[in-house]
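1. Based on what follows, work out the 3D shape:
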Amino acid sequence: MTLNPRQRRLLEVVRQRVTISVEELALELGVTPQTVRRDVKMMEEANLLARYHGGVGLPSSVENIDYSLRQGMNSDAKRRIACEVARQVPSGCSLLINIGTTTEEVARALVHHQALHVVTNNLNVASILSDNPHCEVILAGGVVRGRDRGIVGEATIDFIRQFKVDIGIIGISSIELDGTLRDYDPREVKVAQAIIEQSREVWLVADHDKFARQALVRMAHVSQIDMLFTDAPPPEALNRVLRDAKVEVFVVE
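-> Numbers count the residues shown, from 1 in each chain. Below is the predicted model of the structure:
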């Protein structure tokens with residue numbers, strides 16, 4: 001499902017309000033309740049929204065949004081984040097890059113860097129960076145998830161633990177106000193934890209939607225990262241946690 005501007009705005013309003021009635025959504029968007037119901041029905045089928053008694057809200061945090069839909073969400077923001085990350089990645093360094101649509105944008109932004117050594121469990125990242133003749137790409141072994149071409153499992157973790165890199169670049173599904181980082185798949189979380197352990201610096205890339213989402217599995221805490229790259233200022237409660245943890249925040253508005 002490709003969201004039109006009205007549907008993207010509808011989704012943004014629900015994420016801001018957590019739950020909201022159809023009538024309130026219609027007023028907010030300047031459309032009829034019938035239009036809102038049609039949009040909500042389609043977005044519910046795509047697992048973007050859920051209908052509850054008395055209103056519309058976010059779906060259960062057990063499953064992530066379909067990968068193809070995530071690729072189109074906040075794509076401009078992800079590209080801006082990726083460009084800022086690439087600007088700060090020095091040539092000649094070593095990287096660990098995990099699964100995610102934002103980390104894939106980072107890979108695209110690195111295609112002209114010189115003398116990079118990249119270890120990844122993301123087939124998409126490997127494919128993108130293999131077009132860079134000045135980049136050595138090392139692909140982790142393990143089980144390939146067909147839905148997003150990520151590689152997970154114990155073999156993946158064992159492989160990653162062979163390396164110690166300059167920078168680990170990770171994406172995430174959810175950042176809670178207390179600084180907890182969460183994702184949906186325990187296997188993916190374990191790989192990301194290994195990347196954090198094997199990186200001298202950890203850079204987190206996350207668009208503003210991650211501040212409003214919920215996910216099931218704890219991955220880490222922001223005190224375990226060094227830099228956060230995002231496209232909007234984090235909520236104040238999270239900002240305080242980031243300041244206390246001495247995390248450098250780059251907002252590419």
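
2. What ranges in the stretch 101-250 of the chain fall below the confidence cut-off?
-> For the stretch 101-250 of the chain, residues meeting the criterion pLDDT under 70 lie at 212.

3. show me where it has strands.
-> 116-120, 135-139, 143-145, 150-152, 165-171, 174-175, 180-183, 199-205, 217-221, 227-230, 248-251 (DSSP state E, counting those that start in this stretch).

4. can you tell which of these is closest to residue 89?
-> Judged by C-beta to C-beta, the one of those that comes nearest to residue 89 is strand 165-171, at 6.8 Å. In short, each C-beta sits where N, CA and C put it, glycine included.

5. CA atoms only for that closest one - export them in PDB, please.
-> What follows is strand 165-171 as a C-alpha-only set of coordinates in PDB (Å, rounded to 0.1, in the frame of the first residue of the first chain):
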ATOM      1  CA  VAL A 165      35.000  -2.100  14.100                       C
ATOM      2  CA  ASP A 166      35.400   1.700  14.300                       C
ATOM      3  CA  ILE A 167      31.600   2.500  14.000                       C
ATOM      4  CA  GLY A 168      28.500   0.400  14.400                       C
ATOM      5  CA  ILE A 169      25.500   2.000  12.500                       C
ATOM      6  CA  ILE A 170      22.200   0.600  13.700                       C
ATOM      7  CA  GLY A 171      18.500   1.200  13.100                       C
END
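
6. For it, which outside residues touch it?
-> Contacts of strand 165-171 from elsewhere in the structure, counted by C-beta atoms under 8 Å, 6 or more residues apart in numbering, are 85, 89, 93-103, 106, 117, 119, 192, 195-196, 198-206, 225.

7. in its sheet, what does it sit against?
-> strand 94-97 (parallel), strand 199-205 (parallel) (DSSP bridges).

8. Near residue 129, how many residues? Count them for me, please.
-> Other residues lying near residue 129 total 23 when counted by other C-beta atoms under 10 Å.

9. Could you do residue 226 as well?
-> By other C-beta under 10 Å, the residues close to residue 226 number 17.

10. same question, residue 15
-> The criterion is other C-beta under 10 Å. On that basis, residue 15 has 16 neighbouring residues.

11. Report the separation between it and residue 213.
-> When distances are taken as C-beta to C-beta, to the nearest Å, residue 15 and residue 213 turn out to be 7 Å apart.

12. Find residues that contact each of those two.
-> Contact criterion C-beta under 8 Å, 6+ apart; residues bridging residue 15 and residue 213 by contacting each: residue 58.

13. Mean neighbour count added to the strands of the stretch 101-250 of the chain, as a markdown table?
-> As requested, the strands of the stretch 101-250 of the chain are arranged in a markdown table below (neighbours: other C-beta atoms under 10 Å):
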| stretch | mean neighbour count |
| --- | --- |
| strand 116-120 | 23 |
| strand 135-139 | 17 |
| strand 143-145 | 15 |
| strand 150-152 | 24 |
| strand 165-171 | 24 |
| strand 174-175 | 25 |
| strand 180-183 | 22 |
| strand 199-205 | 21 |
| strand 217-221 | 18 |
| strand 227-230 | 22 |
| strand 248-251 | 14 |
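
14. Kindly present the ones you listed as TSV, with separate columns for distance to residue 81.
-> What follows is the strands of the stretch 101-250 of the chain, written out as TSV (distance: least, C-beta to C-beta, whole Å):
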stretch	distance to residue 81
strand 116-120	18
strand 135-139	20
strand 143-145	23
strand 150-152	19
strand 165-171	10
strand 174-175	14
strand 180-183	16
strand 199-205	5
strand 217-221	19
strand 227-230	5
strand 248-251	8
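
15. Which of the ones you listed sits closest to residue 24?
-> Going by C-beta to C-beta, the one of the strands of the stretch 101-250 of the chain nearest residue 24 is strand 174-175, 24.8 Å.
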